[in-house]
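In: Let me see the structure of the following:
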Amino acid sequence: MNYIVIARDHKDGLEKRKIHRDAHLEGVKKMKEIGEIVFATALIEDEKMVGSVMVFDFSSEVELEEWKSKEPYILGGVWDDIEIKQCAIPPLFM
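Out: Numbering: from 1, shown residues only. Sure, this is the predicted structure:
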């Protein structure tokens, strides 16, 4: 199952990012190695980071929930508004 996550930062997101960035990137790296993350990028407005977009390839919704339960940017309050939608990635991009 593919999911797209659009996460907007909390008003103090930049400060919180500094605290949780290493743990977040360590998790992203592991997920990339096992094929769970397809793509990730920062959202930029007025030359400032204001959020993130991530595309996942999980085998089930249970894996999505597991990710949510341990994602440092969620637990650390970096992201204030998180939208998660199921999506379909064409084979060309997998």
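In: Can you name every helix or strand that the host helix or strand of Lys29 contacts?
Out: Here Lys29 sits within helix 13-33, counting by DSSP states H and E. Applying 3 or more Cβ pairs under 8 Å, 6 or more residues apart in numbering; DSSP states H and E, one finds that helix 13-33 contacts strand 37-45, strand 48-57, helix 72-75. Using the backbone N, CA and C atoms, a C-beta is placed for each residue, glycine as well.
In: mind listing what's buried in the shortest one?
Out: So that's helix 72-75. For helix 72-75, the buried set under the neighbour-count rule, 16 or more other Cβ atoms under 10 Å, comprises Pro72, Tyr73, Ile74.
In: still on that earlier bit, could I get the helices and strands packed on helix 13-33 as JSON lines with distance to Asp12 and mean pLDDT?
Out: JSON lines is the format used below for the helices and strands packed on helix 13-33 (distance: least, Cβ to Cβ, whole Å; pLDDT from 0 to 100):
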{"stretch": "strand 37-45", "distance to Asp12": "16", "mean pLDDT": "94"}
{"stretch": "strand 48-57", "distance to Asp12": "12", "mean pLDDT": "95"}
{"stretch": "helix 72-75", "distance to Asp12": "13", "mean pLDDT": "97"}
